[in-house]
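K.L.:
sequence first, then the predicted structure:
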Protein chains: 6
Amino acid sequence: MRFDGRKFDQIRPVNIVRNYTKYADGSVYIEVGDTKVICNVSIEEKVPLFLRGKGEGWITCEYSMLPRATQIRKMRDITKGKIDGRTVEIQRLIGRTLRSVVDLKALGEKTLWVDCDVIQADGGTRTTAITGAFIAIVEAINKLHKKKDFKIYPIRKYLSAVSVGIVNNEKLLDLCYEEDSNAQVDMNIIMTDDGQFVEIQGTGEQNPFSRKDMNELIDLAEIGVKKMIQIQKRSLKNDALWIGTGGEI
Amino acid sequence: MRFDGRKFDQIRPVNIVRNYTKYADGSVYIEVGDTKVICNVSIEEKVPLFLRGKGEGWITCEYSMLPRATQIRKMRDITKGKIDGRTVEIQRLIGRTLRSVVDLKALGEKTLWVDCDVIQADGGTRTTAITGAFIAIVEAINKLHKKKDFKIYPIRKYLSAVSVGIVNNEKLLDLCYEEDSNAQVDMNIIMTDDGQFVEIQGTGEQNPFSRKDMNELIDLAEIGVKKMIQIQKRSLKNDALWIGTGGEI
Amino acid sequence: MRFDGRKFDQIRPVNIVRNYTKYADGSVYIEVGDTKVICNVSIEEKVPLFLRGKGEGWITCEYSMLPRATQIRKMRDITKGKIDGRTVEIQRLIGRTLRSVVDLKALGEKTLWVDCDVIQADGGTRTTAITGAFIAIVEAINKLHKKKDFKIYPIRKYLSAVSVGIVNNEKLLDLCYEEDSNAQVDMNIIMTDDGQFVEIQGTGEQNPFSRKDMNELIDLAEIGVKKMIQIQKRSLKNDALWIGTGGEI
Amino acid sequence: MRFDGRKFDQIRPVNIVRNYTKYADGSVYIEVGDTKVICNVSIEEKVPLFLRGKGEGWITCEYSMLPRATQIRKMRDITKGKIDGRTVEIQRLIGRTLRSVVDLKALGEKTLWVDCDVIQADGGTRTTAITGAFIAIVEAINKLHKKKDFKIYPIRKYLSAVSVGIVNNEKLLDLCYEEDSNAQVDMNIIMTDDGQFVEIQGTGEQNPFSRKDMNELIDLAEIGVKKMIQIQKRSLKNDALWIGTGGEI
Amino acid sequence: MRFDGRKFDQIRPVNIVRNYTKYADGSVYIEVGDTKVICNVSIEEKVPLFLRGKGEGWITCEYSMLPRATQIRKMRDITKGKIDGRTVEIQRLIGRTLRSVVDLKALGEKTLWVDCDVIQADGGTRTTAITGAFIAIVEAINKLHKKKDFKIYPIRKYLSAVSVGIVNNEKLLDLCYEEDSNAQVDMNIIMTDDGQFVEIQGTGEQNPFSRKDMNELIDLAEIGVKKMIQIQKRSLKNDALWIGTGGEI
Amino acid sequence: MRFDGRKFDQIRPVNIVRNYTKYADGSVYIEVGDTKVICNVSIEEKVPLFLRGKGEGWITCEYSMLPRATQIRKMRDITKGKIDGRTVEIQRLIGRTLRSVVDLKALGEKTLWVDCDVIQADGGTRTTAITGAFIAIVEAINKLHKKKDFKIYPIRKYLSAVSVGIVNNEKLLDLCYEEDSNAQVDMNIIMTDDGQFVEIQGTGEQNPFSRKDMNELIDLAEIGVKKMIQIQKRSLKNDALWIGTGGEI
């Protein structure tokens, strides 16, 4: 029995609000348990310098927490004068994994800016952000789709993420903050709807872990990601019709 | 008849959610029309250097917008490497006006950090932030009150704010973005519930204005602030019992 | 009787040196009492990005104090690594109010950089800077005028500023530092020579103020600004011939 | 047959120079193929704020490249004004993995600063840095050991790292730059001498990968790490006598 | 015959205003030709970290130019976000040379902050700053002297500086901007009143120079410094009585 | 007899490794005693803004120390958020002196970036860097030479540098750290192979020095530089054939 009454292989309740803000091109408010994140996507009609003229698009992410998303107020980056290392890692992860399921050539010379802003943090903010941002990306790309801005629909697969970990020698799915802060091993798994891995990050800073442990944790993660992708599908409904079709438009 | 159907002396619909996030000591989500702001208050048990040892408290504000709170995505401060001037002006204004209705000596050596984060901006973000932050301050101070952390209840008055302006030669109350961006004259008025002025800022960058114009704008603002304070009272209900009593605890 | 012997409605002695430095396009050294400011204007033959190609000019201000302009040495901005909030507010105010009396379309695609550097600060540095900078702007524009760089003379009105405030319950004109640091209410009023308001900023951080107080303070300010504009006229003499004529050249 | 003549499961030649610089408390120059890194350890007799008074030590890493360690000169961080994201990720990884094999309580209130400076980068700089830094940590801890600065010898295990990846559909061990920049999947595996995992990071930005691929890559990585640990043992010789004994001193 | 009518071994007219600003502990306005610098000294009753508890004082300098001190407006350091290299060199030079003539042990645990702000730059700003700052240091130290803040009078010698250079193959004393910007060789010489050298910096970026050239330039500099020290003496009059006496107080 | 057994007019052993790293266009590892510096030159096919279109090249230098190049670990610049003053002075010196022996017009619109990274610092890092960087510049220019990238060979003279100083009243050549940190007077002399001076910097912060002292120190420096240039010649061998010929290619 876990801290919040869940079973070891159970994810927290998920709540998704679509089209959350009125200006963004894609906008999702997502709650996984008490973790709450706003994911806004903005379309920009140009690409970073290193891609200019190559006919390819780009997806980049910025991640931030409201100062009081956490138990103790965290100073804003601009007050400290620098982005903290954890933030850098997370935003790079989100951008990289979203790019892996989008056909950037099909997208064409556009940048999708993904802003993930954490309103409340209770464990798993990066995996929650990826799960929510994927839906916001679909909203933004469908907006382009309606304007027939590309020839081939660029989203190739669903993308979702969960955390797993070992807490008090138990392997658990979807850690809340209480569990996460006591975890011996902590993994974030990002997968597609055909069961492939986009990214796997596992750390045993407190306790190195065996290959057997790793395998059991990945088994758990596969359960969680599958569940998350079902929830994404329910939320997207007809907006998901083109995903993975590679269809011409 | 205005852009959104309102009369010249009518404020937009206001929606207030109390205790919005779970970690903050005071937390308010406020909507004034399509302007949406989260106001979180955090209590810190120390004061800035210049107040140490004087037995007095402090209230300070940080204001920020999500990058896509606006029609065009705005770069984050940390990406530009500096806070923009408008942000600095606004957070100084919010902090200063909140301090004006709190007895800082009664509060004692504590800092109240007020974080106003704009989720969606449709005109009047600074006045909305002040109106919401006041309620969050009450929540935070009542939390201290329950612990009997001070002898005299420190909130002396209600505080609320509205904008007024001249648009197409019409004097209007509570400008939305559409109106604000076309205003010839633009004023922000911050007042207390006994009809006194805490701050008045009027600018006619496009058109200098006469003293008569100024007086008529202030008349309008008085209507708006009165209305806003009624809404605050309705939202606070019993939590407002001690405001202005200067009562011993 | 005031601290320095003045009457409640009397401004301090004003001293203005024209063409103060030899490289600037307009250069004024101004003393109001012991407040001493150098106002230099530099003409740049381009405009900020947001104005490119619109055929309009721009006026921008940077304000700074020498570290020992004040009683206690203040660290330089570059040493702290950021501009302080008060500086940002002031330089935005100066730029905005100067722009309000200049026809930026008539000016054409040029930027006037206004540098206000405070040599000694004894209250009212921002209003002194505005009063001095206006004259330096006239010098710079007349320099362009001589080269027939525009068709319509761009300065539409005189611009001047004073502070007023309530100190020990007395309403006073043109506060020196001693008075300013004890003021219950503090206002800065920026006006044109036809008695219109360009900006009004009033703060009662210590004491909210009534509408009657506000009106009496504005009465005082009108006296002060009128006096300041007389002094500007005396200093400019023939250099002011074109101001407000909207004359073709 | 690989780019540089190696077999798919073969690491590059490794060269280690011990006690490389004269001031550092531990100093290792390590070459893995053409990747060349200086790893210096500095002992500081205090710990970061969050650990003060807990009787525990800390290990932190800073990673940097000489500007011309790479094919194209990279601007220095200080010139750009910020650390790049990749650097942040890497230095956090190195610090975290080194801490996992050191008993920080046994170390006591000291910080080991690990500086990894890349002289030449030809793929695998982060894994090379970990492998070299581990030896430098042993040097620094043995220096403390000689002074009997702790009761229990704090290094619990050997630590080493390699990269593996899929290049042109082939699974390869220890990628050089040429291979790395063409990899479909890229993993960094950090392990201890008893075959446990400290960190595993796998990314398929270009191509999501199957669980089977992942397992085969980890098999390869196990071969590589085992080899690297043999080389570390040969380099450390008698200096390694206490590793893993948990012996009292 | 030089650009401005001077002979090769003639310095420009010097004008010194003592006690220039009212708050600083020492304050000098100095003109050498059209180069104009304000030198303010502030006494702080503590020393930098590296000197704490050693019973010794410190002198440090900050040097800056008003943006329009030069022919082309220079961006402020805080706008660029960093101090420019030339500024750093100059302020280090001024601090270092002033310290060389003050007995820092006699001064005791105090810091003298020397702010040299250039109002107008026409060549030789650094040497002008040193010459002016020396007088301001005397003013500040005499202020301490009156309060009997030390036992031994700490100023050991006069300090003054000039530039010399080779322009169109002519060796010239005290270069103005016109000459300086065309110099093949450029030297700054800082000397004491007993003819000793505190610092000598000579650069032939355009043209390496012979030892003979160097000797002739130093001959010229000796003439210039001697003249400058006479001017300092005339300006200081009775305030200089204790300089160099090492007298007990 | 000196600290390390040398005579007063003897330089330390010099060791030079040519073509040290594989990517740089010129790359030298140089040891002077225990001072060890890597000098890498990178060719960029453009020049800074102020030179664009003038047909001239540029040489610029960045100097840095590894954090543990020194006895006490020094924080990295990026961690402090600013370059320290000493670094700025040194890199400006190196760039300036290298430019003095290169015909920048002959070089054409190219920038040579010179990175001097100190691996170990034992006195004289700036003079060692200049001596090593000169050779790396020759390597880079010869690389261009082979491609016939210019018409006139641009290196006009050899360039080398040494430090001299007065320690315990003895005049010494090539100070090591131990001597340098106790020096009363400290000079850096940069000369060409025809015995001309490119730069001379002498400081007597502790003790002003006489003209006679200066002359004797320069005598010593001339011995040292001559020796250093012999060593450069031996290291360059045939690669030096074109230096100083001004030959057409």
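P.N.:
Looks like it arrived, so ask away. Because the structure is predicted, anything quoted here is derived from the model rather than measured.
K.L.:
what angle separates the biggest helix by length in chain A from helix D:211-236?
P.N.:
Criterion DSSP state H: the longest helix present in chain A is helix A:211-236. Calculated by axes from the mean of the first three to the mean of the last three C-alpha atoms, to 10 degrees, helix A:211-236 forms an angle of 140 degrees with helix D:211-236.
K.L.:
could you tell me which residues of chain A lie near chain D?
P.N.:
Counting by C-beta under 8 Å from any C-beta of the partner chain, chain A comes close to chain D at A:82-83, A:85-86, A:88-89, A:91-92, A:96-97, A:99-101, A:157, A:191-192, A:195-211, A:214, A:218. Every C-beta, even on glycine, is put in place using the N, C-alpha and C of the backbone.
K.L.:
in helices only, show me these.
P.N.:
A:85-86, A:88-89, A:91-92, A:96-97, A:99-100, A:211, A:214, A:218.
K.L.:
okay, now the residue of chain A found nearest chain F: neighbour count?
P.N.:
When scored by C-beta to the nearest C-beta, chain A has A:Gly81 as its residue closest to chain F, at 6.6 Å. Burial of A:Gly81 is recorded as 15 neighbouring residues (other C-beta atoms under 10 Å in any protein chain shown).
K.L.:
name the helix or strand for the residue of chain A most remote from its centre, please.
P.N.:
Distance from the C-alpha centroid of chain A peaks at A:Gly53, with 28.9 Å (C-alpha atoms, centre = their mean). Using DSSP states H and E, A:Gly53 sits within no helix or strand.
K.L.:
so for it, what's the pLDDT?
P.N.:
We have a pLDDT of 93 for A:Gly53.
K.L.:
now it: how far from chain C?
P.N.:
Counting by C-beta to the nearest C-beta, to the nearest Å, the separation of A:Gly53 from chain C is 23 Å.
K.L.:
now that residue: how far from chain E?
P.N.:
For A:Gly53, the distance to chain E (C-beta to the nearest C-beta) stands at 31 Å.
K.L.:
buried sites along the longest helix of chain A?
P.N.:
A:211, A:213-214, A:217-218, A:220-225, A:227-229, A:231-232, A:235-236 (16 or more other C-beta atoms under 10 Å in any protein chain shown).
K.L.:
what about that helix, distance to the chain center?
P.N.:
13 Å (C-alpha atoms, centre = their mean, to the nearest Å).
K.L.:
for it, which helices and strands make contact with it?
P.N.:
On a contact count with 3 or more C-beta pairs under 8 Å, 6 or more residues apart in numbering or on different chains; DSSP states H and E, helix A:211-236 meets strand A:14-18, helix A:125-146, strand A:159-167, strand A:170-173, strand A:183-192, strand A:197-203, strand D:197-203.
K.L.:
what is the shortest one packed up against?
P.N.:
In this case it means strand A:170-173. strand A:159-167, helix A:211-236.
K.L.:
residues near A:Tyr177, how many?
P.N.:
18.
K.L.:
how about the residues of chain A by chain C?
P.N.:
So chain A meets chain C at A:Gly81 (C-beta under 8 Å from any C-beta).
K.L.:
residue nearest the centroid of chain A?
P.N.:
A:Ile130 (0.5 Å).
K.L.:
closest residue of chain A to chain C?
P.N.:
A:Gly81 (6.6 Å).
K.L.:
which non-adjacent residue is nearest the residue nearest to the centre of chain A?
P.N.:
Using C-beta to C-beta, 6 or more residues apart in numbering or on different chains and skipping the chain neighbours, the partner closest in space to A:Ile130 is A:Ala161 (4.1 Å).
K.L.:
which residues does the one you found form a beta bridge with?
P.N.:
A:Ile190 (DSSP bridges).
K.L.:
neighbours around A:Glu89, how many?
P.N.:
By other C-beta under 10 Å, the residues close to A:Glu89 number 18.
K.L.:
actually A:Asn169, not the one I typed
P.N.:
Using other C-beta under 10 Å, A:Asn169 has 8 neighbouring residues.
K.L.:
now do it against D:Arg99, distance only.
P.N.:
21 Å (C-beta to C-beta, to the nearest Å).
K.L.:
contacts for stretch A:43-60, please.
P.N.:
Applying C-beta atoms under 8 Å, 6 or more residues apart in numbering or on different chains, the external contacts of stretch A:43-60 come out as A:25, A:95, A:98-99, A:102, A:104-105, A:107-114, A:137, A:140, A:143-144, A:154, B:73.
K.L.:
are any of those buried, and which?
P.N.:
A:25, A:95, A:98-99, A:102, A:104, A:107-114, A:137, A:140, A:144, A:154, B:73.
K.L.:
returning to what we had before: the residue of chain A closest to chain C reaches C:Gly81, doesn't it?
P.N.:
Yes: contact criterion C-beta atoms under 8 Å: A:Gly81 and C:Gly81 qualify, at 6.6 Å.
K.L.:
anything in contact with each of those two?
P.N.:
F:Gly81.
K.L.:
how about the residue nearest to A:Asp174 when sequence neighbours are not counted, phi and psi?
P.N.:
Excluding the flanking residues, the one nearest A:Asp174 by C-beta to C-beta, 6+ apart is A:Ile11, at 4.3 Å. Main-chain dihedrals, A:Ile11, degrees, to the nearest 10: phi -90, psi 160.
K.L.:
so who does A:Ile11 touch?
P.N.:
By C-beta under 8 Å, 6+ apart, the residues touching A:Ile11 are A:32, A:162, A:173-174, A:224, A:227-228.
K.L.:
which among the ones in helices among the residues of chain A next to chain D gets closest to C:Lys148?
P.N.:
A:Gln91 (54.2 Å; C-beta to C-beta).
K.L.:
once you drop chain neighbours, what's closest to the closest one?
P.N.:
Nearest residue to A:Gln91, sequence neighbours excluded (C-beta to C-beta, 6+ apart): A:Tyr63, at 4.1 Å.
K.L.:
same question for A:Arg126.
P.N.:
Counting by C-beta to C-beta, 6+ apart, the residue nearest A:Arg126 is A:Ile90, at 4.7 Å.
K.L.:
ditto for A:Val118
P.N.:
Closest to A:Val118 by C-beta to C-beta, 6+ apart is A:Met65, at 4.2 Å.
K.L.:
check contacts around that neighbour.
P.N.:
A:74, A:117-118, A:121, A:125.
K.L.:
and A:Ile130, by the same measure?
P.N.:
A:Ile130 sits next to A:93-94, A:97-98, A:159-161, A:190 when contact means C-beta under 8 Å, 6+ apart.
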